[in-house]
Every structure is written in structure tokens, then in C-alpha cells.
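**Student:** Structural data only, the sequence is not supplied:
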């Protein structure tokens, strides 16, 4: 009887929502099976972690207060007085970090598996922008507890933004809501973090996912040329495996939150000195250490300016991968692409470790 | 696989999944309930400067977390009532021209005994005790 009622609902909704077309599409969706198939999970895991961020973020929003006077105390309240507040907040912080990591893994695996080749150039570009948005989420969210580390990290970060030629000072004032990092900065970062960035991310994510559905999961070109690559049906085979990966990710988050709860720190005091050993979050360490190594002046530019221009050009070049990764005649520049990817990973990992140790 | 064994495995898997989902949703549900903020109970408040209040005037006084309406009816007569309207919790005010307590939200009227005269309020205002000793005026809960 219950099954008949369920079926009647299904028919009623299908007539109005057109679910049968979605089901048709999903029934035919396939995933290539080869030695690199495991990498295909990372995009979905990043998406899942983003979902976790939205959910835990909304929960935190119920108690958080975005003013310099109350922000720290409200986070303290969440961590100590709200039931499972420590869990929700620690999951939010850990998931943010894991999401940056999985986004990088996803990007590099796509780069090496050549998922950016024609016609997937826009998927790659939207992905790069999404990575930028993820880092922006990290940067803005980091300030919200209004503790000492966050305060100084934001001071340094916005000062660096101010070093960009021409637009720098204006950009820094726009980010800070003034000439210094104050309560105005906190309110502004809060607005970016909970409204502006989510809106931009939703739009870009919609495009990214739509493009992925349109062109399907890519097969590495060296396999495609060899002939028949075995395929796995998306439903139920790949989907169930993916759900399992998500389940493990959630479990990992819970474990990390329980074993390594995110610290509260001390309330920000602009007139106290920056604490010894302060450094940015790990995903900014490589850039931070690179900037530290540069001499104070390069040609007519100050080191931050030169460093930022250099890093900016590097990012633009990497974003343009689909365009220089293939020759005009369509043949791939294999060694250049693989070499660049390997060098980039080597730079990021080495300099992150060095930035951490120094 | 025989049907009974498949059904048993499906049952175990299904109930395991439901149990895990419950274990995720339980902390969220508990999180959503606002924690009780323990308030130190306030039983008495001394009102500074009350002696300077004119007769037939009133003032809203902070009594712990709630507002209390202190009315100086005449030189020696004082009344005090909870200033929260019993209708929908707006804060009431004193109307000296009619010597009534009035709620602006839905036009509820109370008399100087806190009893409802007209309008939607269902119950009289909470009564408080006022002790005036010389220049000192103290409001206390009715025990």
C-alpha cells in the first residue's frame, strides 16, 4: 500500500517536474575505469565539503555576532555553552582546510589527466575561479573569531593587497572598510563571507557542474586513442562509491574535530605586539615564504609589488593552461604541461614546508 | 543469494545507515536549542533619584532583565507593576492625564491597580511592592 502511494506521488511529481528526463540522463551517464579513476572522486568530495561548510556555517550564524565587541565572545559562547557548539565550529574550521586541500588535489589531478582539453576549457577556467573563491572564503572566514592571529593575518593580507600596483591602495581600503583593520573590517568580511562569496560560488558552481554534465567525465587522451575504455555506470556504481567517500570524509571531519578541536586563541588587541612565530594558514604559506625570500627591491619595484605581480602572472598562466597546453594543430604539449604541473606542486609543497619551519 | 539472506543484509545496511544519519542529526538538533543563560534572580531593586519624581508621573525601571513601571501616584503613594503587557509582551507606559497604564501596541488599558480596563490584555499586570523610606524607594517582588 505504501509502495502504491509512493508511486502515485512519484508520477504526480514527474508530470510536473520532468524528473524522468533527469533519470534518463543519469541512467546513461558513465565514468571511465582506469588506473586514474580514484582521482575522479576529488571534485565530488570538494563539493561535499562545501555543502558541509554551508550547513555548519548556517548553524554558526545562529549564534555568531559580527562586531569587534562581541565576535570573540560569541565564538567562545559557541565553543563552551552551546550544545555540540565545539563540534559544529571545529568541523567548520577543519572542513575549510580540507576543502582547500581537496580543491588543489582535484585541480592537479584534472591537469595531469588532461581534463582541461577541448571542449572543457570553460570547466577548467570556472574551476580556477572557484579555487580563488575558496581561498577568499578562507581568508574572510579566518578573521571572524577576532582573535590575535586572525587580526594580524588580516593586517598582513590586506597590506599585501595594498601593494598591488595602481589599484592597491583602493583595493586595501575596500577590503578593510577603512585605513586600518577595525570592526568595520570585521563587518565587511562577514558580509563577504556569508553573502557575497556564497552567491558568487553558487553561480560559478552551477556553471561548473552543468558543464561537467554536458561534456561527461573526461577520459585521458592516451587511453582514448587506444580504443575501448571500460565504463562504469554512474548510477548506481560510481554514485555509491562516491557516497561512501563522502561518508568517510564526514567521519574524518568528526574525528578531527573531536581529537583536535579548533583553538579559540586570545581576543584581538591591536595594541599588543604580533605574537612570535605568527604565520598565515598553510594554504598561503608557499606564497608567503616566496615573498619573504625576495630582496627588498627588484628593479624599480618593492619586493611585495614584484612578488605579487610574479605570483599573479603565475596564476594567470596556470589558468590559461587549456590554451598553451595544446599546439595550434591540436597536438598536446605533453612535456610542458606535465613539467609545469610537477614544478608547481614541488614549489607549493617545498615552500609550504619551509614557510612552516622558518 | 537466497532471498532471506539478501533481506537480512539489506535490513542491516539500511538500519546502519539510518542510525548513522541519526548520529549526525542529533548534535545538530541539540545545537539548535538555545542554551539556558542562568540569570541571578533579582528580588529587590533600589531606584536612584526616585524621590525627585513628580506626583502623577512614572518611570520604567530595570528589575533584573525585566522592565517594571514605577508610578508615583501622589507625594506619598507609590505603585509598581511589571511593564510587560499581558497581551503580547509590549512594554506599557503611564498616561498621567487619565491616570491609566496604556499599551500602545493594541490599545490595552489598565487601571492603577494593574487590572484590565479595556482592550485585548487577558490578565492584570504583575504587581510589585514599593517601600519608600525617606529618600530611598525600593521595589520588591510580591512574595
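**Tutor:** Sure, I can see it. Worth saying up front: this structure is predicted, and the values here are computed from it rather than measured.
**Student:** Tell me the residues of the stretch 1-150 of chain A that contact chain B?
**Tutor:** A:59, A:62, A:81, A:82, A:83, A:84, A:85, A:87, A:88 (Cβ under 8 Å from any Cβ of the partner chain). (C-beta placed from N, C-alpha, C; glycine too.)
**Student:** what helix or strand does the last one sit in?
**Tutor:** Residue A:88 is part of helix A:85-112 when elements are defined by DSSP states H and E.
**Student:** repeat for the first one
**Tutor:** With the criterion set as DSSP H and E, the secondary-structure element containing residue A:59 is helix A:41-61.
**Student:** What are the buried residues along that helix?
**Tutor:** Judged by neighbour count using 16 or more other Cβ atoms under 10 Å in any protein chain shown, the buried positions of helix A:41-61 are A:41-50, A:52-53, A:55-57, A:59-60.
**Student:** still on that earlier bit, make a PyMOL selection of the buried ones in the residues of the stretch 1-150 of chain A next to chain B.
**Tutor:** Typed into PyMOL, the next command selects the buried ones out of the residues of the stretch 1-150 of chain A next to chain B (criterion: 16+ other Cβ under 10 Å):
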select buried, chain A and resi 59+82+84+85+87+88
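**Student:** tell me what the helix holding residue A:88 is packed against?
**Tutor:** For helix A:85-112, the packing partners by 3 or more Cβ pairs under 8 Å, 6 or more residues apart in numbering or on different chains; DSSP states H and E come out as helix A:41-61, helix A:71-80, helix A:121-143, helix A:239-259, helix A:282-293, helix A:334-357, helix B:3-32.
**Student:** Quick one: the strands in chain B, in order.
**Tutor:** Taking DSSP state E to define them, one finds strands in chain B at B:44-47, B:57-63, B:66-72, B:78-82, B:93-95, B:100-103, B:108-110, B:116-118, B:127-133, B:136-141.
**Student:** What are the contacting residues of the first one?
**Tutor:** Strand B:44-47 is touched from outside by B:59, B:61-64, B:68, B:70, B:136-141, with contacts defined as Cβ atoms under 8 Å, 6 or more residues apart in numbering or on different chains.
**Student:** any idea of the mean pLDDT for it?
**Tutor:** The average of the pLDDT scores along strand B:44-47 is 92.
**Student:** Quickly run through the sheet partners of it, with directions.
**Tutor:** Taking DSSP bridges as the criterion, strand B:44-47 forms sheet pairs with strand B:136-141 (antiparallel).
**Student:** where does the partner strand sit relative to the chain's centre, distance-wise?
**Tutor:** Taking Cα atoms, centre = their mean, to the nearest Å, the mean C-alpha location of strand B:136-141 is offset from the chain mean by 19 Å.
**Student:** can you list the residues that contact that strand?
**Tutor:** B:43-47, B:50-51, B:61, B:63, B:68, B:70, B:78, B:80, B:128-132.
**Student:** which other helices and strands contact the helix holding residue A:59?
**Tutor:** helix A:85-112, helix A:197-215, helix A:239-259, helix B:3-32.
**Student:** now the second one and helix A:41-61, what's the angle there?
**Tutor:** Between helix A:197-215 and helix A:41-61, the angle comes out at 150 degrees (axes from the mean of the first three to the mean of the last three Cα atoms, to 10 degrees).
**Student:** Then the third one?
**Tutor:** With the same axes, to 10 degrees applied, the angle from helix A:239-259 to helix A:41-61 works out at 50 degrees.
**Student:** Next: the longest one.
**Tutor:** With the same axes, to 10 degrees applied, the angle from helix B:3-32 to helix A:41-61 works out at 40 degrees.
**Student:** In helix B:3-32, which of the residues would be classed as buried?
**Tutor:** Quick answer for helix B:3-32 (16+ other Cβ under 10 Å): B:27, B:31.
**Student:** Kindly report the same for the third one.
**Tutor:** Of the residues in helix A:239-259, those with enough neighbours to count as buried (16+ other Cβ under 10 Å) are A:239, A:241, A:242, A:245, A:246, A:249, A:250, A:253, A:254, A:256, A:257.
**Student:** That one vs chain B: in contact?
**Tutor:** Yes: using Cβ under 8 Å from any Cβ, helix A:239-259 reaches chain B at A:247, A:250.
**Student:** give the contact list for the residue lying closest to residue A:125 once chain neighbours are set aside.
**Tutor:** If the residues on either side of it in the chain are set aside, residue A:125 comes closest to residue A:319, at 6.4 Å by Cβ to Cβ, 6 or more residues apart in numbering or on different chains. Contact partners of residue A:319, counting by Cβ under 8 Å, 6+ apart, are A:124, A:125, A:128.
**Student:** Hmm, residue B:91 is touching residue B:66, no?
**Tutor:** No: applying Cβ atoms under 8 Å, one finds residue B:91 not in contact with residue B:66, separated by 9.7 Å.
**Student:** follow-up on the earlier one: which one, of the strands of chain B, ends up nearest to residue A:215?
**Tutor:** strand B:66-72 (63.6 Å; Cβ to Cβ).
**Student:** and that closest one, which strands flank it?
**Tutor:** strand B:57-63 (antiparallel), strand B:78-82 (antiparallel).
**Student:** So which of these is the most surrounded?
**Tutor:** strand B:78-82 (a mean of 22; mean count of other Cβ atoms under 10 Å in any protein chain shown).
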